[in-house]
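Participant: My questions are about this predicted structure, shown below with the sequence.
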Amino acid sequence: MKTRGFDLERTGITQAARLERLFGLVILAWVACLRIGVWLAGQRPIKVKGHGRKALSLVRYGAETLKGVLRWDSSRLSTLSAELIQPFPALGAA
């Protein structure tokens with residue numbers, strides 16, 4: 001995620017069925033990162049920078065955490081896996 005985007009154009013895939021499958025996997029990955037980010041932000045809020053915006057988006061927060069767990073701290077993988085199967089909290093719920 002160097003460019004902070006998915007850069008699907010570089011895949012060179014032109015067949016619609018394959019592109020649909022790839023896009024489906026990308027969406028699943030994005031939702032998993034968002035779910036982890038929402039959960040983490042509830043435990044440890046994202047810092048707000050001087051200009052008033054958060055330092056990271058919820059998706060990026062989840063992606064960075066998931067990357068770190070997969071790479072360095074596999075003992076936390078079961079915790080994240082359990083969190084992934086939980087539904088998103090209702091809007092406005094604490």
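Facilitator: Great, that's in hand.

Participant: Helix, strand, or coil at the residue nearest the centre of the chain?
Facilitator: Among the residues of the chain, residue 33 comes closest to the average C-alpha position under Cα atoms, centre = their mean, at 1.6 Å. Here residue 33 is helix, with the state taken from DSSP: H, G, I helix; E, B strand; the rest coil.

Participant: Would you mind confirming that it makes contact with residue 62?
Facilitator: Yes. Counting by Cβ atoms under 8 Å, residue 62 is a contact partner of residue 33 at 3.8 Å. Bear in mind the C-beta positions are built from the backbone N, C-alpha and C, glycine included.

Participant: show me where this structure has helices.
Facilitator: For the chain, the helices defined by DSSP state H cover 16-43, 58-72, 77-84.

Participant: I'd guessed residue 83 sits against residue 39; true?
Facilitator: Yes. Using Cβ under 8 Å, residue 83 is in contact with residue 39, at 5.0 Å.

Participant: more neighbours, the two?
Facilitator: residue 39 (20 against 15; other Cβ atoms under 10 Å).

Participant: who touches that one in this structure?
Facilitator: 62, 83, 86 (Cβ atoms under 8 Å, 6 or more residues apart in numbering).

Participant: one more time with 7 Å, if that's ok
Facilitator: residue 83 (Cβ atoms under 7 Å, 6 or more residues apart in numbering).

Participant: phi, psi of residue 87?
Facilitator: phi -70, psi 160 (degrees, to the nearest 10).

Participant: What is the burial count for it?
Facilitator: Residue 87 has 6 nearby residues by other Cβ under 10 Å.

Participant: on that earlier part again, would you reformat the helices of the chain as CSV and include distance to residue 91 and mean pLDDT?
Facilitator: Formatted as CSV, the helices of the chain follow (distance: least, Cβ to Cβ, whole Å; pLDDT from 0 to 100):
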stretch, distance to residue 91, mean pLDDT
helix 16-43, 11, 88
helix 58-72, 14, 88
helix 77-84, 19, 82
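
Participant: In CSV: those, plus distance to residue 52.
Facilitator: Below are those laid out as CSV (distance: least, Cβ to Cβ, whole Å):
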stretch, distance to residue 52
helix 16-43, 17
helix 58-72, 17
helix 77-84, 29
